[in-house]
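A.B. asks: dropping the sequence and predicted coords here.
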Amino acid sequence: VGWAMFGSADVRKRGGRDIYSQPFGEFVAYDEDKSRRSSRKRVVVVFASIVVGLLVCALVFYRMSSDTDAERGEKPVYTRLRDTEVEAPQQKTSSARESESTENTIGNAVVEEREFRDLIQWLKTHGAVWENVVVGSTPGMGRGLIATADIPEGEQIMVIGDDLWLTVKTEHTDIANVMRHIEEKNLFQEAAMRLAILLMYERKNPASFFKPYIAALPDPTTPVWFTEKEFDELQSPLIVEWSISQRDHTIAQFEEIQTVLGAAFPKLFHKNAFTLKEWQWAISTVYQRSFSVDIQGEGVWVMVPWMDFCNHDGSIENSYYHEEYGWRFLASNEWKTGEQVLINYGSAKSNVDFFLFYGFVARNNELDTVEITLELHDDDPNFEQKHILIDELGLKTSCHVGPSGAIPRSFENAASVMLMESSEFPDKLNWQDKTYDGKALETIRSKVTEKLSSFPTTIHDDERILSRPGTHTLHTAVAYRLSFKRTMLQIVTSLDAKLALENRGTHATVVESTEESDEDAFSLFSIQVPIHVTNQTYLCGVVMLLK
């Protein structure tokens, strides 16, 4: 500024007088003394400007140093001194000390607790206690609870008080009267729907007691939220049909809520109070994160903060109990440092349930099956007789095939009946002694292979997609179809083994052949897509099975 005002002055003569031209105008020095005084003034101003500039630089450097401390998680010296004088010292729990001492990674797990500071503070303020676990992510499993130390089996991990549960019986809500009305009138028979109504309301309530918990809930990943492109990735019309049916069901639920609660509580549940998307978020979240617990002989659906970070493992037995003071969770297995602490969402759940209602692919699920259904052609001249024989013999025209690929004998016998000519109808009493029918096995194998070859991508293509970065929904869809293909491939392998034994010799077959069987007496009416994913090696080309 000083240089602009005085340092750039241009002195020239005009009529015997000194004229000083400057950026902001001209002034005239009428005599030499005035000119010298002006020169001294310029020197003083320039010197003052330099001093001010140095002071500004020093201040900027100081502020930058303070910001660097803040980025390292440290308070500037003056702030630390002030806080020390004002704030009373607080006793830290062991879990808090562990959280502070935890690095950003524990083994292969990445700690993510900074994203949940409000939730953690809310839980601890209301008495929740946990030991040796933090929120983090591990490769292949996503976000969950990570062990910060070795946890022996049976050790207590957390206690979450009843008042922190989100349940229709909670008193921490402005619509407790609505929940009582629903229970008294026995409205909405589906328990998850009742809890979702409460969750939907609390999410929009800025003064909700559960606000820190609801704000930490992730977006649902169930097929209800799939785009048309993601539906195409499933490569299964049947599962797409089920997913769309599930989405239509949520729409019907929303319309029922608007009609029933809109009439009883018009101010709270009028037509424009909530949107369909808000309802779909609520019901999907309840499906994904709620538990059904037995409290005093009554089944209650609850959402338990912090505990619902745990992921699923169907091979373990849960060790959590409802006691007088809340939900007590014990280690069901021995967990090593850096491992995820897991629970069992339900051993009786099929992988279709996990996919449609939880939005993930379950591993090591014995209930992972492919359903195959045979349909007899209408133009078969022995259509009625064959159906009567199948019914009399108690044979099954559909079966569920697990990861082993073994097809039940009853299903194979039904295929044999469908392929028979009139002269081949057996004596019903002697049917149980019948040996394996090679023609039926070959025909089933041909139909399964034909279905396997009809997919637009191979097993190798799907494995390559899963090895690359992608969205959760894309990877789930690809894992779903990949599991189907692997199970179908195992069915072919199992049939090849039976045919090899029947022929009592070496049997060579092409796994993914597109050749159709000459026998077309029946067709595969439907094949249900499984979800289970294994590390089974992909077999390509010729499979050689020895005697």
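C.D. replies: All right, it came through fine. Values in this document were obtained by computation on a predicted structure and should not be read as measured data.

A.B. asks: so where is the stretch 1-150 of the chain shaky, pLDDT-wise?
C.D. replies: 1-39, 62-103 (pLDDT under 70).

A.B. asks: go with 50
C.D. replies: 1-30, 66-103 (pLDDT under 50).

A.B. asks: could you pull out the helices for the stretch 301-450 of the chain?
C.D. replies: 351-353, 383-393, 409-419, 438-453 (DSSP state H, counting those that start in this stretch).

A.B. asks: mind giving me the packing neighbours of the second one?
C.D. replies: Pointing back at helix 383-393 there. For helix 383-393, the elements it packs on are strand 370-376, helix 409-419, judged by 3 or more CB pairs under 8 Å, 6 or more residues apart in numbering; DSSP states H and E. C-beta: built from backbone N, CA, C; applies to glycine.

A.B. asks: can you point out the buried residues in the shortest one?
C.D. replies: Read that as strand 370-376. 370-374, 376 (16 or more other CB atoms under 10 Å).

A.B. asks: follow-up on the earlier one: reformat the helices and strands packed on helix 383-393 as JSON lines; add distance to residue 478.
C.D. replies: What follows is the helices and strands packed on helix 383-393, written out as JSON lines (distance: least, CB to CB, whole Å):
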{"stretch": "strand 370-376", "distance to residue 478": "17"}
{"stretch": "helix 409-419", "distance to residue 478": "29"}
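
A.B. asks: of all those, which lies closest to residue 182?
C.D. replies: Residue 182 lies closest, by CB to CB, to one member of the helices and strands packed on helix 383-393: strand 370-376, at 36.5 Å.

A.B. asks: possible to save the helices of the stretch 301-450 of the chain as CSV with mean neighbour count and mean pLDDT?
C.D. replies: Listed next are the helices of the stretch 301-450 of the chain as CSV, based on neighbours: other CB atoms under 10 Å; pLDDT from 0 to 100:
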stretch, mean neighbour count, mean pLDDT
helix 351-353, 20, 81
helix 383-393, 14, 86
helix 409-419, 21, 87
helix 438-453, 20, 87
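
A.B. asks: okay, buried residues for stretch 274-287 please.
C.D. replies: 274, 278-287.

A.B. asks: nearest to residue 473 among those residues?
C.D. replies: Comparing those against residue 473 with CB to CB picks out residue 284 as the nearest, at 12.6 Å.

A.B. asks: list the contacts of that closest one.
C.D. replies: Neighbouring residues of residue 284 by CB atoms under 8 Å, 6 or more residues apart in numbering: 220, 222, 224-225, 250, 359.

A.B. asks: quick one on the thing from earlier: closest one to residue 179 among the helices and strands packed on helix 383-393?
C.D. replies: Across the helices and strands packed on helix 383-393, residue 179 has its closest neighbour in strand 370-376 (39.2 Å, CB to CB).

A.B. asks: what angle do that closest one and helix 409-419 make?
C.D. replies: Following axes from the mean of the first three to the mean of the last three CA atoms, to 10 degrees, one obtains 30 degrees for the angle between strand 370-376 and helix 409-419.

A.B. asks: just the C-alphas of strand 370-376, formatted as CSV.
C.D. replies: C-alpha atoms of strand 370-376 as CSV (Å, rounded to 0.1, in the frame of the first residue of the first chain):
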residue,chain,number,x,y,z
VAL,A,370,-31.7,-74.8,-6.1
GLU,A,371,-35.3,-75.8,-6.7
ILE,A,372,-35.8,-77.8,-9.8
THR,A,373,-39.4,-78.5,-11.0
LEU,A,374,-40.3,-80.9,-13.9
GLU,A,375,-43.4,-80.4,-16.0
LEU,A,376,-44.9,-83.1,-18.3
